[in-house]
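Participant: What would the 3D arrangement of this be:
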Amino acid sequence: MLMRYGSLLFALPAVILIIAFGLELMSAGACTDTGMHYDFNSGTCTEEAVAQLSYYQRHPLFINSMLLLSLAGALAMTWGMIVKGLQSDPE
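Facilitator: Now for the predicted structure:
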């Protein structure tokens, strides 16, 4: 059971990060298709060029918490494998 929950906790944060980044990328793409520049800080289209910041620079707490949850899931999976291996010892 620990391995199942651990694998979900390992995979879901990465999927959430990809979806969040993809939604923002779609907004930026729609803006540049109209010939304007996308302001990542405000999330709006502007006519003047603005400095681009990485996704991590804009959302460090969100990314770090998702990676920490993923690490917790990896540790839970590892612990579940160890416990399962000890319980099914053939001796």
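
Participant: where do the strands sit along the chain?
Facilitator: Using DSSP state E, the strands of the chain run over 37-39, 44-46.

Participant: Out of the ones you listed, flag the one nearest S70.
Facilitator: In terms of Cβ to Cβ, the element of the strands of the chain nearest to S70 is strand 37-39, at 28.2 Å. Where C-beta positions appear, they are placed from N, C-alpha and C, glycine not excepted.

Participant: in the lengthiest helix in the chain, what's buried?
Facilitator: Looking across the chain with DSSP state H, the single longest helix is helix 2-33. The neighbour-count check on helix 2-33 (16 or more other Cβ atoms under 10 Å) flags G6, L9, F10, P13, L17, E24, A28, C31 as buried.

Participant: so can I have a markdown table of the residues you listed showing distance to V50 and pLDDT?
Facilitator: Below are those laid out as a markdown table (distance: Cβ to Cβ, whole Å; pLDDT from 0 to 100):
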| residue | distance to V50 | pLDDT |
| --- | --- | --- |
| G6 | 41 | 92 |
| L9 | 37 | 93 |
| F10 | 36 | 94 |
| P13 | 29 | 96 |
| L17 | 24 | 96 |
| E24 | 14 | 92 |
| A28 | 11 | 91 |
| C31 | 11 | 92 |
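
Participant: Kindly indicate which of these lies nearest W79.
Facilitator: When the buried residues of helix 2-33 are compared against W79 (criterion: Cβ to Cβ), the nearest one is G6, at 7.5 Å.

Participant: contacting residues around that closest one?
Facilitator: G73, A74, L75, A76, M77, T78, W79, G80 (Cβ atoms under 8 Å, 6 or more residues apart in numbering).

Participant: Mind checking which of those land in helices?
Facilitator: G73, A74, L75, A76, M77, T78, W79, G80.

Participant: Show me how to select, in PyMOL, the buried members of those residues.
Facilitator: A single PyMOL command selects the buried members of the ones in helices among the contacts of G6 (16+ other Cβ under 10 Å):
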select buried, resi 73+76+77+80
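
Participant: Redo the ones in helices among the contacts of G6 as CSV? Include distance to L61.
Facilitator: CSV is the format used below for these (distance: Cβ to Cβ, whole Å):
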residue, distance to L61
G73, 19
A74, 20
L75, 21
A76, 22
M77, 25
T78, 26
W79, 27
G80, 28
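
Participant: Nothing else from me, thank you.
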